[in-house]
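*Asks:* Any chance you could fold what I've pasted below:
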Amino acid sequence: MVAKGNSLGDILDHLCRLVEELSPGVLASILLMDPNGRQLRHGAAPNLPKAYNDTIDGLVIGNSAGSCGTAAYRAEQVIVSDIANDPLWADFRELALAHFAPRVLVYADLFIRRQCDWNICHVLSRAP
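*Replies:* As a prediction, the model looks like this:
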């Protein structure tokens, strides 16, 4: 896809769909680190609700910013098994529970670490 000149958005969307196809019951999304190094931007999430994607676009990373924002801040993998009770989701609990089951597993990891030019945080969550 890169050699064919496809856009980054198309490539990331295809990657999410491939992950979902290979892992039934999983929803995938990719967030990109903003050049300011403090926020995550929507990259791709073909099967997550648009309202959810729109709300987390521009998420400020931090030590308690959901799974993805925390993973980006700490530069390490974060796994949350219960968004209804996990303290990392305190500021995003209502948003998440409006779209996902309370015991959804959220896995966040960094494909490309913070020291690179651009970073990707990848989130997988079991379908509600």
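*Asks:* Any regions of this structure where pLDDT drops low?
*Replies:* 1-3, 102-105, 107, 109-128 (pLDDT under 70).
*Asks:* In it, where's the longest helix?
*Replies:* helix 8-22 (DSSP state H).
*Asks:* part of a strand, is His42?
*Replies:* Yes. When DSSP: H, G, I helix; E, B strand; the rest coil is applied, His42 is found to be in a strand.
*Asks:* how much space between it and Glu94?
*Replies:* 20 Å (Cβ to Cβ, to the nearest Å). (Glycine included, C-beta is placed from N, CA and C.)
*Asks:* show me where the chain has helices.
*Replies:* Under DSSP H, the chain gives helices at 8-22, 50-56, 66-74, 93-99.
*Asks:* Any chance of a markdown table for these, columns mean neighbour count and distance to Val106?
*Replies:* Shown next, in a markdown table, are the helices of the chain (neighbours: other Cβ atoms under 10 Å; distance: least, Cβ to Cβ, whole Å):
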| stretch | mean neighbour count | distance to Val106 |
| --- | --- | --- |
| helix 8-22 | 15 | 14 |
| helix 50-56 | 15 | 12 |
| helix 66-74 | 24 | 4 |
| helix 93-99 | 15 | 8 |
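*Asks:* Throw those into TSV and include distance to Ala108, thanks.
*Replies:* Converted to TSV, the helices of the chain look like this (distance: least, Cβ to Cβ, whole Å):
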stretch	distance to Ala108
helix 8-22	14
helix 50-56	12
helix 66-74	4
helix 93-99	13
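*Asks:* Ok, which of those helices comes nearest Met33?
*Replies:* helix 66-74 (6.3 Å; Cβ to Cβ).
*Asks:* For that closest one, name the packing helices and strands.
*Replies:* If contacts are counted by 3 or more Cβ pairs under 8 Å, 6 or more residues apart in numbering; DSSP states H and E, helix 66-74 sits against strand 26-33, strand 39-44, strand 59-60, strand 78-80, strand 106-112, strand 120-126.
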